[in-house]
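Chemist: What shape does this take:
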Amino acid sequence: MKPIHIVHKIKESGRHLRQRAKNLKPFRPKRSLPVGVSSDQFSEVIKDKASLAADYVKKGYGTLGKLDPKRVFKYGLVILLGLYIIGGIILSVIVYPNKEDKKSKSDTIKLTKRDIWLEKFASIYPLPAATVNGSYVGLGEFYRQVSYLKSFNSQVPDSLSKEITDETSLKKRVLDNLIETVIVRQEAKKNKIEVTQADVDAAFKSAADANGGTEQIEKVLKNLYNMDTDRFKKLIKDQLYREKIREKLLIQVHLKHILLTDQSKADAALARIQKGETFEAVAQSASEDSNSKAKGGDIGWLGRDDLRDKINADFEKAAFALKKGETSGIIKTQFGYHIIKIEDKKGSIDKSFSDWLGEVKQQAHIRKFVK
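Modeler: Numbering: from 1, shown residues only. Okay, the predicted model is just below:
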């Protein structure tokens, strides 16, 4: 073969090889199956895995390898509930005494970190400090009011009443007061006596105006009691219920009086009234009580408690023994010599508030859980 023909064949072979190279697919080695496992068996395993994953998702467990938010929330809620219950048990052990527990007494009554912690912790749990006829006195409210008094006593030492000598007597007074508050509200509801928000706001405004304004009230409450205005208004509401019980249920007298420091002057004033002068005219000309003189001796509506506490028991008895429109003889008190007139009477229960409350409290079904 001639050289030219050899060269021509080589060229043709080169073109042919290049064309085949272009048509070749890249080499991809097949993944080998496990020994003894056929491709059909391997396919069945893959199908089973896919079915298991689908069933897992269908039951609400999420995809394999991922955390499901619903499941996390569910278990988180269970854990929080468990911690809440454990906390309640711990709080119960701390605040509810055993029969064998000894009463702890302290020479000083001061607000401590433990008191602050107990107040906040007890507010989280609906545990009772006491029950009154089935109604609930909350443990949180009990420790809150204990903290108020301790805070006040810390700022103004020896400011509490003489009956409160230690922490035990303080807690007893607070619990008794809360029980009485519940009883008053129950009796108010029974007799359709209501205290509105307008009543509370008006009383708060009156207190603020008499004590330098709202800002000054807020400052005093915070510094002395560690109390905010919302809590203060709640205490005002409790007090208004007591006042409305006095006004609407208990007998009160609309009373006028003439006060003189000299008995001879009192005898002369009484003689003028007996001769026919009006009580009001004699009061305006002769009485030495500057607060009521210009008003003809009028000192308004008063109950048994008011007269007993502000004057004395003898004055109370004399006033409530008189009928509407009657005038008394001369009554001696620590202030001097009085002549009184009953302008009017109202109410249906002839008792002092403290006597009435004591009787109702004695009849109530009360259970105390803290001491």
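Chemist: Check the average confidence over stretch 127-142, would you?
Modeler: Averaging pLDDT along stretch 127-142 gives 91.
Chemist: Which of the residues in that stretch are classified as buried?
Modeler: 127-132, 137-142 (16 or more other CB atoms under 10 Å). Quick note: C-beta positions are derived from backbone N, CA and C, even for glycine.
Chemist: With only the CA atoms kept, save that stretch in CSV.
Modeler: Output of stretch 127-142 as CSV, limited to C-alpha atoms (Å, rounded to 0.1, in the frame of the first residue of the first chain):
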residue,chain,number,x,y,z
LEU,A,127,-54.8,28.5,98.0
PRO,A,128,-57.1,29.6,100.9
ALA,A,129,-56.0,31.4,104.0
ALA,A,130,-59.6,30.8,105.3
THR,A,131,-63.1,30.1,104.2
VAL,A,132,-66.2,31.9,105.4
ASN,A,133,-69.6,30.3,104.7
GLY,A,134,-68.0,28.7,101.6
SER,A,135,-66.4,31.9,100.4
TYR,A,136,-62.7,32.1,99.9
VAL,A,137,-60.1,34.3,101.6
GLY,A,138,-57.0,34.1,99.3
LEU,A,139,-53.6,33.3,100.6
GLY,A,140,-52.1,35.9,98.3
GLU,A,141,-54.3,38.7,99.7
PHE,A,142,-53.4,37.5,103.3
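Chemist: Provide the contact partners of that stretch at residue level.
Modeler: 88, 91-92, 95, 119, 122-126, 171, 174-175, 178-179, 182-183, 186, 364-370 (CB atoms under 8 Å, 6 or more residues apart in numbering).
Chemist: Give me the phi and psi for the nearest residue to residue 342 once chain neighbours are set aside.
Modeler: Nearest non-adjacent residue to residue 342, counting by CB to CB, 6 or more residues apart in numbering: residue 322, 4.5 Å away. Residue 322 adopts backbone torsions of phi -80, psi 150, taken as degrees, to the nearest 10.
Chemist: End to end on stretch 224-231, go ahead and measure it.
Modeler: Across stretch 224-231, the terminal residues are separated by 14 Å (CA to CA, to the nearest Å).
Chemist: In it, which residues are buried?
Modeler: 224-227, 231.
Chemist: Stretch 328-343 too?
Modeler: Across stretch 328-343, burial judged by 16+ other CB under 10 Å covers 328, 330-331, 336-343.
Chemist: I'd like to know which of those are part of strands.
Modeler: 331, 336-343 (DSSP state E).
Chemist: if we can go back for a sec, out of the buried residues of stretch 328-343, which comes closest to residue 203?
Modeler: Of all those, residue 343 has the smallest distance to residue 203: 25.9 Å, by CB to CB.
Chemist: Contact partners for the closest one?
Modeler: Residue 343 neighbours (CB under 8 Å, 6+ apart): 253-256, 298, 324-325.
Chemist: and residue 259, backbone torsions?
Modeler: phi -120, psi 130.
Chemist: show me where the stretch 151-300 of the chain has strands.
Modeler: 252-260, 298-302 (DSSP state E, counting those that start in this stretch).
Chemist: most neighbours per residue, which of those strands?
Modeler: strand 252-260 (a mean of 23; mean count of other CB atoms under 10 Å).
Chemist: quick one on the thing from earlier: can you lay out the strands of the stretch 151-300 of the chain as TSV showing distance to residue 110?
Modeler: As requested, the strands of the stretch 151-300 of the chain are exported to TSV (distance: least, CB to CB, whole Å):
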stretch	distance to residue 110
strand 252-260	41
strand 298-302	39
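Chemist: May I have the predicted confidence score for residue 38?
Modeler: Listed pLDDT for residue 38 reads 59.
Chemist: ranges for the helices of the stretch 251-371 of the chain?
Modeler: Using DSSP state H, counting those that start in this stretch, the helices of the stretch 251-371 of the chain run over 263-274, 279-286, 304-310, 313-321, 353-363.
Chemist: which residues are contacting the longest one?
Modeler: Applying CB under 8 Å, 6+ apart, the contact partners of helix 263-274 are 258, 260, 279, 282, 286-287, 327, 329-330, 332, 336-339.
Chemist: redo that, cut-off 10 Å
Modeler: 258-260, 262, 277-279, 281-283, 285-288, 327-332, 336-339, 341 (CB atoms under 10 Å, 6 or more residues apart in numbering).
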